[in-house]
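Chemist: next come a sequence and a model predicted from it.
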Amino acid sequence: MISARLTVNDEEREIAFWPSDTLLFVLRERLGLTGAKPGCLNGDCGACTVNVNGTAMKSCLMLAVEGMNQTIRTIEGLKDSPIQHAFIEHFAFQCGYCTPGFIMNINSLLKKHPNADDSTIKEFLSSNICRCTGYQEIEKAVKSLLKINREDKAGLPNDE
Amino acid sequence: MGLIGKSVFRKEAWEKVTGTARYTADYPATDSLHAKIVVSPYAHAVIKSIHIAKAKEVFGVRAVITGEHFPLTGEEIRDRPVLAKNKVRHHGEAVALVVADTPQQAKRAAELIEVEYEQLPVVHSPTEALKPNAPLVHEQLGSYKKEDRVYPEPGTNVANRTKIRKGSMERGWNLSEVVVEERFSFSPSDHAAMETRCSTAEIHPDGNVYIMTSSQAPFMVKRLIHDYFGVDIGKIVVETPLVGGAYGGKASIQLELLAFIASIAVGGRKVRILNIREQDMLTSPCHIGLDATVKLGSTRDGKIQAAELLFLFDGGAYSDKGADLNRAAAVDCTGPYDIDHVWCDSLCVYTNHPYAAPFRGFSHSELLFTVERTMDVLADKLGMDRLQLRYINAIRPGDTTPTQVKLNKSNVGNLPECIVRLKKMIDWDMGMIQDLGNDKLRVKGVSCIWKTSTIESDAGSGVTLSFNPDGSINLISGVIEIGTGTKTILAQILAERLKMDIRMVHVQMKVNTQSTPEHWKTVASRGTFMAGRAVLAAAEDLIEQLKSIASCVLRVQAADLEVGYGKVFLRDEPETHLDIKDVAYGYVYPNGNGIGGQIIGRGHYNLRRLTYLDKETGAGKPGPEWSVGAQAVEIEYDKKHLTYRIVRAFSAVDIGTVLNEKAARGQVMGAMSMGLAFGGRETFVFDEWGRVLNPQLRTYRPLRYGEHPEYHVEFVVTPQLDAAYGARGAGEHGLMGMPAALGNALSLAAGVKLNELPLIPEQIWKMKQKEGHSHASL
């Protein structure tokens, strides 16, 4: 076991964990942040996606030790954000299990590419699987948030 | 209030977009031990020995369990050991269970268990399983306990056979001037819900059993733990929080049993099992496969006279719900067409494949793939427009179904209208094929759909409603929120009935079998129908109680009162009223006298006037109503590379009154997506030993973002008179015609009959090779 500090959702937390523990495991089992979901533990489904320094990362493919000195944001760290509103308004989820992963992926996408084109959106979102929707709802939610489509032209909160 | 049809946001929406929504594995497990399953690497093998000594030495291991002393299980036929006994019957079958302090320790120990096997010949398909010298998957089939009305054939691999005998085949064939016959085949695949199954179990010193599980059927978990293990049914409490996708796969009871025996092995301590993806696909039940032969005969002007269908469902190693899936396919075997002479044998056959759970549509997308592909072949042979053939034969009120149910304007939707609507949506008159040049074709394929439910003939649903002091209402129903939004729909139904603000309806998402009234299972597109009726009954109960108290206070007859808009008021003099919040907890007179108390309403609904099917003819009434629809896909096909892209997908469905427009669209589109994935790409790939080569989401590929077509959904509205506000079943129907429509489009595009799934380019290439049409440039 090692004891280390991780910065998660703007809070610095001291946690004991094994060097072999994944970030997903530590977030869920040590910090009680269960928004990131296990779906495959293999990087295939994206349900565990979080943001690390603003980049979408699959937390099942990253060790917790690699998260030291990084800024980690999970779905619990998003409050009342435009993406969350857009997901609700566009019915972009049903069972909701993939939703935190999709939202964190999109959070990163829109910060890096506020006016992302179709191929960039696809490049980001094809790493997550949604089994309930037809994806069209998610597409509409994302596109409603592109800067060119937003009346306030507001950007999204920056983690870097 | 005008809430019917309104796209109300789902009640648990903010929970789900903020990560606060909890699924089974999200509940803290600090007080829990963890179990890991050792699974069979073979599809059919004798277990010679199991060595557990090394595993037991691993630090933290509390128990190692093997299969000797547990009862056989199975909902229709008790054919499945909780842990394999003597032999394994499919790749991934649970052989042993390790319980340890942490999941890591349990995994390490599981890897140290050595099992010696002796491989047996493998039954690879239901067709193979029926050959005279096929190995038997279950030698003891005749000795198994079973439910009535399931008909296994001992000495064979037949787990169940359902017969449909309607009209006279002799007469049907005599009337037929044109006959076509097609054969079909596809392997099992998977539901691949994003939440892998998870169950915890604990047994308290007083004998009470507590289970938490990601399930569509917690009430059935309770019944079966009682049936199998003899625990008093009232002592079993099953909880199910939100479920992360189910699609039928979580209607089977499997992981709960492992959690339960694990808890027994450690003296009742709490044990959690969370499936890894590979075991969720192989060890827990999957999506059924099918081999089928369909023969249709019609007059030259396109009136179908006879249908002869043989369905051999690949139930896999255990019958579970497979022996029910084959019955459901028989019930609607003809597709949504009026055919007087029908012969169908629908079998659930044992093979050495992973065994089958229900899958969204409950065998209907499967049977419709075969029937609707054959419809196209018939249309071509007749030289008739494909939609015209379907229109002529479309099932209508006054017709009878294969099980001889007489249809009327309430119990079946309007299929002819769906076909007409679809025709417009897809510009059918512009032609089925458009040459885009550059070896590219745009091609359309169509399919019709129908389905009724075939669940228990008296399956029921209960609802309780209780007031809060502010006049808001808690709604408690046994429906599981698996993603369909049903519990939000129930809130809409309640708010509409009581003419109240829907924000004043609080819905309990979690189900606890001790405090939640039973909903049989959250399956079969019956949540809104059954629980919707229960909500209306409970609302009537509330209204009666409100009026009773108000009639005392206002000194009028209850019959003169109305309830709505937060008030109980005199019908002819609305200003004489009481606010509901002043009655909801009883009423207190100015002098301190109180009457009544917290008002609690209860309601239930049970399916009625349904009957068992006759063993020899299939005659009987299996379900309350049929939803119908017409669907299409448009693909862009590359003649050179035999690849394709799904450009657009269409549904014109009659789901009766639409209660929540966007939620209904979401159900239909999501189901279409799943149907396209099933038809287009999803399958287990087996090797020569019956092992599944792709039990991962990297090699088993559901649709991903960007691979989705443009969806077009329109609703035809034929209200079901006995349903809450006229809503029909809607959760499964979008899926059902997609594989067939895709198969029809691709068969037309490629110029070969594509009767096997999934429809990957390799399959097209194989068929082109077979028919000697290989492309000159290849």
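Modeler: Looks like it came in fine.

Chemist: where exactly do the helices run in the stretch 401-550 of chain B?
Modeler: Along the stretch 401-550 of chain B, the stretches classed as helices by DSSP state H, counting those that start in this stretch are B:415-425, B:486-497, B:532-554.

Chemist: turn those helices into CSV, including distance to chain A and mean pLDDT.
Modeler: For glycine as for every other residue, the C-beta is placed from the backbone atoms N, C-alpha and C. Below are the helices of the stretch 401-550 of chain B laid out as CSV (distance: least, C-beta to the nearest C-beta, whole Å; pLDDT from 0 to 100):
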stretch, distance to chain A, mean pLDDT
helix B:415-425, 16, 98
helix B:486-497, 11, 98
helix B:532-554, 19, 98
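
Chemist: just the ones you listed: most buried one?
Modeler: helix B:486-497 (a mean of 25; mean count of other C-beta atoms under 10 Å in any protein chain shown).

Chemist: hmm, back to that, mind putting the helices of the stretch 401-550 of chain B in TSV, distance to B:Ile50 included?
Modeler: Below are the helices of the stretch 401-550 of chain B laid out as TSV (distance: least, C-beta to C-beta, whole Å):
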stretch	distance to B:Ile50
helix B:415-425	55
helix B:486-497	44
helix B:532-554	48
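
Chemist: quick one: mean pLDDT over stretch B:300-320.
Modeler: In this model, stretch B:300-320 carries a mean pLDDT of 98.

Chemist: hmm, I was thinking of stretch B:117-130
Modeler: The model assigns stretch B:117-130 a mean pLDDT of 98.

Chemist: list the buried ones in that stretch?
Modeler: Residues B:Tyr117, B:Leu120, B:Val122, B:Val123, B:His124, B:Ser125, B:Pro126, B:Thr127, B:Glu128, B:Ala129, B:Leu130 are the ones in stretch B:117-130 that count as buried (16 or more other C-beta atoms under 10 Å in any protein chain shown).

Chemist: out of the helices of the stretch 401-550 of chain B, nearest to A:Ile103?
Modeler: A:Ile103 sits nearest to helix B:486-497 of all the helices of the stretch 401-550 of chain B, at 20.1 Å, using C-beta to C-beta.

Chemist: by how many degrees do that closest one and helix B:532-554 diverge?
Modeler: For the pair helix B:486-497 and helix B:532-554, the angle between their directions (axes from the mean of the first three to the mean of the last three C-alpha atoms, to 10 degrees) equals 40 degrees.

Chemist: counting contacts, what elements does helix B:486-497 pack onto?
Modeler: In this structure, helix B:486-497 makes packing contacts with strand B:473-477, strand B:505-507, helix B:532-554, judged by 3 or more C-beta pairs under 8 Å, 6 or more residues apart in numbering or on different chains; DSSP states H and E.

Chemist: show me the contact partners of it.
Modeler: Contacts of helix B:486-497 from elsewhere in the structure, counted by C-beta atoms under 8 Å, 6 or more residues apart in numbering or on different chains, are B:1, B:3-4, B:6, B:8-12, B:463, B:465, B:473, B:475, B:477, B:479, B:481, B:500-502, B:504-505, B:507, B:509, B:522, B:527-528, B:531-532, B:535-536, B:538-539, B:659-660, B:663, B:724-725, B:727.

Chemist: select only the buried ones of those residues in ChimeraX?
Modeler: Isolation of the buried members of the contacts of helix B:486-497 (16+ other C-beta under 10 Å) is achieved in ChimeraX through the command below:
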select /B:3,4,6,8,9,10,11,12,463,465,473,475,477,479,481,500,502,504,505,507,509,522,527,528,531,532,535,536,538,539,659,660,663,724,725,727
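
Chemist: tell me where chain A has helices.
Modeler: Along chain A, the segments classed as helices by DSSP state H run A:23-25, A:82-89, A:99-112, A:118-125, A:136-144.

Chemist: could you dump those into JSON lines with mean neighbour count added?
Modeler: Formatted as JSON lines, the entries for the helices of chain A read as follows, by neighbours: other C-beta atoms under 10 Å in any protein chain shown:
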{"stretch": "helix A:23-25", "mean neighbour count": "25"}
{"stretch": "helix A:82-89", "mean neighbour count": "20"}
{"stretch": "helix A:99-112", "mean neighbour count": "25"}
{"stretch": "helix A:118-125", "mean neighbour count": "16"}
{"stretch": "helix A:136-144", "mean neighbour count": "21"}
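
Chemist: would you list those in JSON lines and tack on distance to B:Leu676 and mean pLDDT?
Modeler: Below are the helices of chain A laid out as JSON lines (distance: least, C-beta to C-beta, whole Å; pLDDT from 0 to 100):
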{"stretch": "helix A:23-25", "distance to B:Leu676": "30", "mean pLDDT": "98"}
{"stretch": "helix A:82-89", "distance to B:Leu676": "23", "mean pLDDT": "97"}
{"stretch": "helix A:99-112", "distance to B:Leu676": "20", "mean pLDDT": "97"}
{"stretch": "helix A:118-125", "distance to B:Leu676": "17", "mean pLDDT": "98"}
{"stretch": "helix A:136-144", "distance to B:Leu676": "12", "mean pLDDT": "98"}
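
Chemist: would a markdown table of those helices with distance to B:Arg272 be doable?
Modeler: Rendered in a markdown table, the data for the helices of chain A read as follows (distance: least, C-beta to C-beta, whole Å):
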| stretch | distance to B:Arg272 |
| --- | --- |
| helix A:23-25 | 14 |
| helix A:82-89 | 30 |
| helix A:99-112 | 21 |
| helix A:118-125 | 32 |
| helix A:136-144 | 31 |
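
Chemist: in CSV: the ones you listed, plus distance to chain B.
Modeler: Rendered in CSV, the data for these read as follows (distance: least, C-beta to the nearest C-beta, whole Å):
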stretch, distance to chain B
helix A:23-25, 9
helix A:82-89, 4
helix A:99-112, 5
helix A:118-125, 4
helix A:136-144, 5
